[in-house]
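> with the input below, show me the fold.
(2 chains)
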Amino acid sequence: MTTMTTDVLGAPVRRVEDPRFITGHGRYLDDIKLPAMTHMAILRSPYAHAKIRSIDTSAAKAAPGVVAVFTGADIAYNPLPMAWPAGGASGIQNNVNTPRALATDDVKWTGEGVAAVVAETAAQAQDALELIDVDWEPLPAVTDAEKAIADGAPQLHENAPNNRVFDWQVGDKEATDAAFANAAVTVHQRLVNHRLIPNPMEVRGDIGWYNPGTDEYTIWMSSQTPHIQRLLLAAFVMGVPEQKIRCISPDVGGAFGSKIFCYADMALVLHASKAIGGRPVKWVEERRESYGSTIHGRDHITYVDVAATKDGMVKGLRVKTLANLGGRLSTIGPGIPTTLYGRILSGPYKIPAVHCEVTGVYTNTTFVDAYRGAGRPEATYVVERAMDLVADELGIDPAEVRRRNFLPPDSFPYDNPSGLLTAVNGSKLYIDSGNYEPAMDKALAMAGYADIAAKKAEAKSRGKLLGVGLSTYIEVCGVAPSKWIGAVGEGWGAAMWESSNIKVHLTGKVVVTMGTQPQGQGHETTYAQIISHELGIPMEDIVVQHSDTQGTPFGYGSYGSRTSNVGTGAALKAAAKIREKARRYAAHMLEANVEDIEVEGAEYRVKGSPDKKKTIQEIAFALDLAFDTPEGMEPYLDETAYHDTPNCTFPFGTHVAFVEIDQETGNVELVRYVAVDDVGKKINPMIVDGQLHGGIAQGIGQALWEEAVYGDDGQLLSGSLLDYALPRAEWLPSFELDETVTPSPVNPLGVKGVGEAGCIASTAAVANAVIDALSPLGIRHLDMPFTAQKVWGAIQAASGGSGSAKGGEA
Amino acid sequence: MAELHIALEVNGEQREADVEPRTLLVSMLREDLELTGTHVGCDTSQCGACTVLVDGHAVKSCTMLAVQAEHTAVTTIEGLGQPGSLHPLQQAFWDKHGLQCGFCTPGMIMAAADLMAHNPEPTDTEIRHAIAGNICRCTGYHNIVAAVREAASVMREGAAAPATNA
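Residues are numbered from 1 along each chain as shown, chains lettered A, B, ... in the order given. Sure, this is the predicted structure:
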């Protein structure tokens, strides 16, 4: 029997998921066909703000193929839950309004659902939508957060005067004010972190099936969180006992945060299936539809003030942010611009005084929630722009300003003195580890930063403005210790542990079931690498299963770069339990004391008698048969473990972007991108690099092209993929990546997480590069995205031309 | 709506279907022929997830009516290669980690297959141009470009091999 297994932990193993995806055998939501399945289409509001006087569905009901038509009045009152209201213990004002399965009295954004048709085919359902007659009473709309809180603005909700969702603050106001009073220099800037649309390539969808025979519901959903959705649908939306709902996520075609949440359509397909007697009901959003039915991200207006010494030491950071949360609140919308933003604004820097105020705002726009990075890209953008503004103000090199302000490597674990990571009960998160300068030095060396003046001169000779931008970031992975998130005082309504079950079957083959839920990250590969390493069993003998509440242990799902810290912790614990039981049974088989059994890979040997040994496969065979089991030992190698991380992990790094701007057209070309990231130990460096590449591209997309644009009337002008510019292959260079490795002391393997790092860093790097390129013209700031039109206008305005610089105020 | 009967070749086999005149080629492939490897990622022909080969040319199958495909030869991802007999592009996407969620992958591979047919030695710039109509949200294209470059190299060696043997 094979006992020597190649150690695959840390190796760039090809993904076990890929054969199905490269041959067309992935099974995404829309690939599933069930017997007798019907199709649902949803009528969505054409108005951003309107009252519904009446809805006439009679013609739709009579249309060919139509099985049923629903309006909000047909469905029991069931607002969707809000699990992170950013209020609670600290007494923060919070005015919660969430969507219903279908809007009843009024709509708050273009795209809110008001009626649903179930038909034999998807086309028939779409056709019948056109026959529904809604008597609308349009109301004035407001889409901009600053306008929405101004006097006289249209009011969205009676319980939210001036459209304020909450007023939240963190940090030490007095100390921050004192830092400004004593500052040698201060800089001030208004920053817009504009709205984005996540756009995973697979849109969302659900199939609901009610079984009248068992009174049970099953829902297939393109979701990052099937276990959470079962909990939320049962406890808050459907009024159904939790054991009566089963949630299944098939292959998920990307998510980036947008598939974390509890959506109205989930409740609708279940309601509809029951109402039509148990035929399954499928709903898949169209891309355009998804822009109003799936969350958006970012959308902050921020005023940042920085107090510094003459040598560039930042002494105070004051931030006031308006966070546009849309027309109603998504599942954890308020948590993103508060806990995940305000509390980490100081980034990798030793800033003694920080104060941040955030106001959540209702507007007549699609709801806003977590999009890749979720709060951390926004925070990084603020502090990284701030560093460049200080450098510009003082005439000090931006890299030098960062170097002077970095937390030194002996700072960790770092208890931020401004209290950014402190819960109201005193429970703390620490920045677990960091060594920022070597990563920056490596990136600067790769980038040839020392020769930048010559490079700029060379570009200038070609009529181009070369700009170089830095971003030195920290990421926060592994949300979160349950005791911290539960006690933080911002109303988080759940724990945050993870789970793993490992079964070693009679044949020696292993089934690992996890509570986490992949959307492209390769969990089936990386968990198998870990279990292979831990148990000495070949990877090909291990299968990793997930994403079905029937058959996997409860887990909180995958988002916030938490899987490699928290999920891995659970898998390691389960493997340790398997090993310990195997060791006890090996002692029985070998007639030795447990203490005398030593384990190496798959072999369990008697110390001093290396020939007396059993493999884990032999142990599993005998223990699964259980013909000879010692008193008190249960049969079968089957162990479950739960892991609550003691802390978050904090990857970091330095990204350097090079852009060239054509002065004649304003076109910005990203010509080079260098990144040095420290994500700790790597389970699979190939997958880690892939995560970084994708994250970097998404962050670049925000800086250069992507923008959700609303007209003043609340119509989404960037309302399709024709209008919303996702990064394309032709617009990007290949990326130059390297690493430093500072293992996290929090995770047993020293891994941190990587899902969001690229995205957190790259937006600020590119923005700083563009401003650097434009700085010879006297331009100090422009808001993203840096479209040719906007940059050309800024160049024209700066050089006295006729164009106007539409964007940020310099 | 009245249905039309059409016949065409799909992945080397003669196939027939009854479709409404408005049925898109992608819908027929997915719904009638149950070839669900071809995906729908948008509704404006921007994303390229539905790319297939029609008579050897990459076509976004959401831009073509099923009835327009009558008497053509269509190749989908399922017809390009299967586990155990992967096309060099499929193999290279696997080897080079050219995919993450896998949703854009079939269309991306079919677009690259069109490039291979016309340009056996593409530069990175030419690769990026060839797949500019296919959006990937996961990879930042870095490893996709590497995979297509690798596949081109393998295919050139494969094409050269018989000559060497002769």
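
> now do the same contact list for residue 121.
Using chain A. The contact partners of residue A:121, taken as C-beta atoms under 8 Å, 6 or more residues apart in numbering or on different chains, are A:39, A:65. (C-beta placed from N, C-alpha, C; glycine too.)

> not quite, I wanted chain B
By C-beta under 8 Å, 6+ apart, the contact set of residue B:121 is B:152, B:156.

> the nearest residue to residue A:317 once chain neighbours are set aside: neighbour count?
Among residues not flanking residue A:317 along the chain, residue A:354 sits closest, at 4.6 Å (C-beta to C-beta, 6 or more residues apart in numbering or on different chains). With neighbours defined by other C-beta atoms under 10 Å in any protein chain shown, the count for residue A:354 comes to 29.

> ditto for residue B:2
Residue B:2: 6 surrounding residues under other C-beta under 10 Å.

> does the residue nearest to residue A:317 fall in a helix, a strand, or a coil region?
Assigned with DSSP: H, G, I helix; E, B strand; the rest coil, residue A:354 falls in the strand class.

> just checking, it touches residue A:344?
No: contact criterion C-beta atoms under 8 Å: residue A:354 and residue A:344 do not qualify, at 9.9 Å.

> surely residue A:672 is in a strand?
Yes: looking at residue A:672 with three-state DSSP, it is inside a strand.

> and the gap between it and chain B?
Distance from residue A:672 to chain B, counting by C-beta to the nearest C-beta, to the nearest Å: 13 Å.

> next up, the contacts around residue B:1.
Neighbour list for residue B:1: B:20-22 [criterion: C-beta under 8 Å, 6+ apart].

> same thing but at 10 Å, please
By C-beta atoms under 10 Å, 6 or more residues apart in numbering or on different chains, the contact set of residue B:1 is A:64, A:123-124, A:127, B:19-23.

> can you check residue A:373 too?
Applying C-beta under 10 Å, 6+ apart, the residues near residue A:373 are A:256-257, A:297-298, A:336, A:340, A:379-381, A:473, A:475-476, A:560-561, A:695, A:698-699, A:702, A:755-763.

> could you do residue A:647 as well?
Applying C-beta under 10 Å, 6+ apart, one finds that residue A:647 lies in contact with A:413, A:421, A:428-433, A:478, A:480-481, A:484, A:565, A:744-747.

> ok so, going back, now, which of the contacts of residue A:373 lie close to chain B?
When contact is defined as C-beta under 10 Å from any C-beta of the partner chain, those meet chain B at A:256, A:695, A:698-699, A:758, A:762.

> pLDDT, secondary structure and neighbour count for the residues you listed - can I get that in CSV?
Shown next, in CSV, are the ones next to chain B among the contacts of residue A:373 (pLDDT from 0 to 100; DSSP: H, G, I helix; E, B strand; the rest coil; neighbours: other C-beta atoms under 10 Å in any protein chain shown):
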residue, pLDDT, secondary structure, neighbour count
A:256, 98, coil, 29
A:695, 98, helix, 29
A:698, 98, helix, 28
A:699, 98, helix, 33
A:758, 98, helix, 33
A:762, 98, helix, 33
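
> those into CSV, with extra columns for distance to residue A:579?
Putting the ones next to chain B among the contacts of residue A:373 into CSV (distance: C-beta to C-beta, whole Å) gives the following:
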residue, distance to residue A:579
A:256, 36
A:695, 35
A:698, 39
A:699, 41
A:758, 35
A:762, 41
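
> report the contact partners of whichever residue of the stretch 551-700 of chain A sits closest to chain B.
Closest to chain B within the stretch 551-700 of chain A is residue A:697: 3.1 Å, counting by C-beta to the nearest C-beta. Residues in contact with residue A:697, defined by C-beta under 10 Å, 6+ apart, are A:670, A:673, A:726-729, A:731-732, A:735, A:758-759, A:762, B:136-142.

> what do you get for residue A:452?
Residues near residue A:452 by C-beta under 10 Å, 6+ apart: A:397, A:399, A:444, A:466-468, A:656, A:658, A:772.

> are any of these buried, and which?
Buried members of the contacts of residue A:452, counted by 16 or more other C-beta atoms under 10 Å in any protein chain shown: A:399, A:444, A:466-468, A:656, A:658, A:772.

> could you dump those to CSV with pLDDT and distance to chain B?
Listed next are those as CSV, based on pLDDT from 0 to 100; distance: C-beta to the nearest C-beta, whole Å:
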residue, pLDDT, distance to chain B
A:399, 98, 25
A:444, 98, 22
A:466, 98, 20
A:467, 98, 21
A:468, 98, 20
A:656, 98, 16
A:658, 98, 16
A:772, 98, 22
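
> picking up where we left off before, now, which of the contacts of residue A:452 lie within strands?
A:466-468, A:656, A:658 (DSSP state E).

> quick one: secondary structure of the nearest residue to residue B:144 once chain neighbours are set aside?
Distance criterion C-beta to C-beta, 6+ apart; nearest residue to residue B:144, sequence neighbours excluded, is residue B:98 at 4.7 Å. Of the three states, residue B:98 takes coil under three-state DSSP.

> and for residue B:98, the neighbour number?
Neighbour count of residue B:98, defined by other C-beta under 10 Å: 29.

> over to residue A:722?
14.

> cool, residue A:73 as well?
Around residue A:73 there are 11 residues (other C-beta under 10 Å).

> just want the phi and psi numbers for it.
Residue A:73 adopts backbone torsions of phi -70, psi -20, taken as degrees, to the nearest 10.

> can you name the residue of chain A nearest to chain B?
Residue nearest to chain B within chain A (C-beta to the nearest C-beta): residue A:24, separated by 1.9 Å.

> please report how far the residue nearest the centre of chain B lies from residue A:244.
With distances taken as C-alpha atoms, centre = their mean, residue B:110 lies nearest the centre of chain B, 2.1 Å away. From residue B:110 across to residue A:244, the span is 43 Å (C-beta to C-beta, to the nearest Å).

> hang on, residue A:517 packs against residue A:259?
Yes: with contacts counted by C-beta atoms under 10 Å, residue A:517 reaches residue A:259, the gap being 9.1 Å.

> so what sits against both of the two?
By C-beta under 10 Å, 6+ apart, the residues touching both residue A:517 and residue A:259 are A:223-225, A:249, A:252, A:557-559.
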